[in-house]
Every structure is written in C-alpha cells, then in structure tokens.
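Enquirer: 3D, please:
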Amino acid sequence: MDSVAKIAQPTIIPRSEHNISRAYISENALTVLYRLNEAGYQAYLVGGCIRDMLLGREPKDYDIATSARPNEVNALFRNCRLVGRRFRLAHINFGRETIEVATFRAPHQATPAGEEAANGRILRDNVFGTLEDDAMRRDFTVNSLYYGIDDLTIRDYTNGLKDIKKGTLQLVGDPETRYKEDPVRMLRAIRFSSKLGFRIHPDSKKPIKKLGHLLKDIPAARLYEETLKLFLGGCAVQTFDLLRHYGLFHYLFPQLDTCLEQEEHGYPLTFVSQALSNTDKRISENKPISPSFLFACLLWEPVRVLAKKLSQEEGISETQAMQMAGETVMQNQLPHISIPRRFNIPMREIWIMQLRFQHRYGQRPLRFLTHPRFRAAYDFMLLRGMAGEELQETCEWWTKLQEQPEVQRELMTKSKQKKPYHSSRRKRPAKRKKTDR
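Expert: You can find the predicted model right below:
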C-alpha cells in the first residue's frame, strides 16, 4: 500500500487509449470545465464519473477538481452556492443537475484550516494544495483518475486504471489511517464493492471489523445520507450481506441486528432479504422508491416483536401496542440514523395499517382502499406474506377486492347477518270469541 502513495509522476493515458468522449459528458460539466480553464485555473473531471465511463456505465453525477479556491469559483458562476463546513465545496446548479466543484486538497495538517480529533478523525479539512496532492487525498485508487478537457487525457497517480482492470478496490495510503480520518470510508468500500462487483483488496478490508466502532462518532444525519446510498443503489441485497459480513450493519440498525441473531425458521432474515430484493427490482425498472417504505421494512421486526410483547404482558389492544412499539423503536433508532420526520410519520402509518387488513366486512375495507397510503401498506403486507408470515389467504382476498368492480366489492364486504329466528312449532289458531246469537 505504501507504493500507492509514493507514485510521484502520473501515467498519462492519451485519448486514443481510452473510451471517454466529450459527447457522453454532461454539457453542464463541460461548461464548468471550459470556464475554469478560460479563467486560468486547472480543472479536471475526477472520481466516480471517470471510473464509471471507463467501465461503460452512465455516471449519475459529475465532480470537478480545480486549482481555483471556493470563493474564486463562486465569483465565476452566478448559479453557484458554497456548502460544507468540514471541507468547503462549490455547488453549481443547472436546473435539476448540480455540478460539484472541489479545490485541490493538500496532505492533512493539524492547523486552524485542518482540525483533527484525538482518534484521528478529520473535523475540518480546508487545506488546499496541488493536483498531485489531491490525487493522494482521494479515498480509493479507482476514484483517483483525472480527465482534462484541454488535452482529453486521463491522469493516473495511483495505478487506479490497473485496479479497474483487475476489479480491485484499494485505498490510497495506509488503510487504517484513512479509515480513522473518515470512518464512512468503510461504508463506501462496501457500497463500491457491491455496486461495481469489485473485491476489496486484502489490505483494505483487514481493518474494517476492528474499526467499525468508529461509526458511532459519525453524525446520525450523515449516516442517514450514506444509508440511502447503500440501499438505493440497485444492489441492496449484496450490500446488506457485506455489511453483516464485516460487522458494520450493527452500527446502522442495532435493533434489527439483534433480531437477526435470534431468527427462527429463517425469519426475519427472509423478510429483510425479500424487501431489499424488491427494492433492487423496482430500481432496475425505474420505479420510485420511498425511503419511508425502506426504513419501515428494516425496522419492522423490532416493532413487531415489541408490539407482541406489550400486547401480551401489558394486556393492551393490538393497535395501542403497535403505536407504542413504533414510537419506542423510532426513538431508539434516531441516535444511529437520523430519519427525517417527513419519512418517520409514513413509516408508523404503514405499521399501524397492517392491523386494518384484518377487517373485511362492512364499510371499513372500502374506506381503507381510499387511504392515500393504502398501496404502500398493501405492498408491505404482500412482502410479509412472501417472507413466510401466515397471510396468504388475507393477501389473496385483498388482491381480489382491488380487482373487482364497485358492485362486486360491495358483495365481498357485505356484513354477515345472522338469520332471523323461526320457531319450528306451528302457531295455534286464535280462539274465537263467544258471541250471543
């Protein structure tokens, strides 16, 4: 690994030897590159967009590294906004697309511009340097490639191109030091390994289990963003397996991790796997995915277990037990992953609404069909049924109800009436009154 950090001269890959073409690069990214160059600054496409294009994939976003300082970038673009406290970045907005521009970083130093915690985690990192310095500060070799718009070449300072060809994910520099600088790099290693199908280099994976506890120091809001990237990238099943393998899942979802250790007949592992597989399928079909549904699935087993316990031990109703369990589980989860309130409320509704599927007669099921979150609750119930809960007959009934015209729905939900009581004895004829003749 030391050899990665000692490479001083880059390998220059000319246009004739790589497959990246300006025709496939975002016009907005090209605009930023050209303007920075024209203003006299160095500017390169860098990171995942280069890696993905070399692999024949379409980049989701475009990042730019430049010699211009954040304030200088801001002065060049009226549509620019400076963000970040740990490291200052420029976000240049073009409608729905945002081009992220970062100034070249230098080796970290414990100065007012670069603050470090006692455990080695970088707290503030506004230390600027050269292109060569920046290459050594990148996390993985495959993300340390630079594309220049002036000569259309790729600059490789860390043998990243070789690692792409080998399908290897390797940290730049000493792995333990780099993980301590930013523990989220362990999650990124898992994410890239799953997404790209790359194997993590033995030196880079060795410290992960030992340093997993450092994720406790990461703000819960940042872990929320990282969790979305982990599970909404189209390879949630593989990511879940790797997180458990390296012992990192516990630091994201400790309550579910405890439940997984006590599984019976494959449950709840089957439910979680089914939910994540369904998520991957929807993403592959370009269907929307709601974070509230994802987190509802990942926290369902702790809620279900606690609700059952409260109902049995406290003697309270199923609805009240579910409400109390949902509140408790959410409060226990927030210190680890700060789930926004706009997703918190829909999650609890999905859990509570599972009880409403028990009611099939009268107007209640028909009113239930019109609920704004009925479809999410119904899909959630189907996942429970597929995972092994005894809901097959219930799932079939609700599926059939939705397929029926309104008249048939009325018949399906018609209340069961008791037949009126009829005596088997014949009534005696009324006695005639005696009359005087």
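Enquirer: which residue ranges of the stretch 251-400 of the chain form strands?
Expert: Applying DSSP state E, counting those that start in this stretch to the stretch 251-400 of the chain gives no strands.
Enquirer: low-confidence ranges in it?
Expert: The stretch 251-400 of the chain contains residues with pLDDT under 70 at 265.
Enquirer: same question, the stretch 101-250 of the chain
Expert: For the stretch 101-250 of the chain, the stretches with pLDDT under 70 are 108-126.
Enquirer: please repeat the previous calculation with a cut-off of 80.
Expert: Scanning the stretch 101-250 of the chain for pLDDT under 80 picks out 107-126.
Enquirer: which of the residues in stretch 211-224 are buried?
Expert: Within stretch 211-224, the residues that count as buried by 16 or more other Cβ atoms under 10 Å are 211-212, 214-215, 218, 223-224. From N, CA and C alone the C-beta is placed, and that goes for glycine too.
Enquirer: neighbouring contacts of it?
Expert: 117, 119, 121, 176, 179-180, 183-184, 186-187, 246-248, 250-252, 334-340 (Cβ atoms under 8 Å, 6 or more residues apart in numbering).
Enquirer: if we use 6 Å, what do you get?
Expert: For stretch 211-224, contacts defined as Cβ atoms under 6 Å, 6 or more residues apart in numbering pick out 179, 183, 247-248, 251, 337-338.
Enquirer: cool, stretch 131-144 as well?
Expert: By Cβ under 6 Å, 6+ apart, stretch 131-144 touches 5, 47, 51, 65, 104-106, 157-160, 163-164, 169-172, 185.
Enquirer: quick check: end-to-end length of that stretch?
Expert: End-to-end distance of stretch 131-144 (Cα to Cα, to the nearest Å): 11 Å.
Enquirer: I'd assumed His91 was in a helix, is it?
Expert: No: assessed with DSSP: H, G, I helix; E, B strand; the rest coil, His91 is strand; it does not lie in a helix.
Enquirer: quick check, it in contact with Arg81.
Expert: Yes: under the contact definition of Cβ atoms under 6 Å, His91 touches Arg81, with a separation of 5.0 Å.
Enquirer: next one: the residue nearest to Gln402 when sequence neighbours are not counted from Gln363, what distance?
Expert: Once flanking residues are discounted, Gln402 sits nearest to Leu369: 7.0 Å by Cβ to Cβ, 6 or more residues apart in numbering. Distance, Leu369 to Gln363, by Cβ to Cβ, to the nearest Å: 11 Å.
Enquirer: just to revisit the earlier point, and the buried residues of stretch 211-224 as CSV, adding secondary structure and distance to Glu389?
Expert: Listed next are the buried residues of stretch 211-224 as CSV, based on DSSP: H, G, I helix; E, B strand; the rest coil; distance: Cβ to Cβ, whole Å:
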residue, secondary structure, distance to Glu389
Leu211, helix, 37
Gly212, helix, 32
Leu214, helix, 37
Leu215, helix, 32
Ile218, coil, 34
Leu223, helix, 30
Tyr224, helix, 28
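Enquirer: among these, which one sits closest to Asp257?
Expert: Checking the buried residues of stretch 211-224 against Asp257 with Cβ to Cβ, the nearest one is Gly212 at 11.8 Å.
Enquirer: how close does the closest one get to Arg244?
Expert: Relative to Arg244, and taking Cβ to Cβ, Gly212 is found at 11 Å.
Enquirer: how is this protein partitioned into domains?
Expert: Taking automatic domain parsing as the reference, the chain has its domains at 1-217, 219-414.
Enquirer: span of the last one from start to end?
Expert: By Cα to Cα, the extent of domain 219-414 from end to end equals 53 Å.
Enquirer: measure Ile154 to Ile164 for me?
Expert: In terms of Cβ to Cβ, Ile154 sits 11 Å off from Ile164.
Enquirer: kindly report the same for Val127.
Expert: Separation of Val127 from Ile164 (Cβ to Cβ): 28 Å.
Enquirer: great, nothing more from me.
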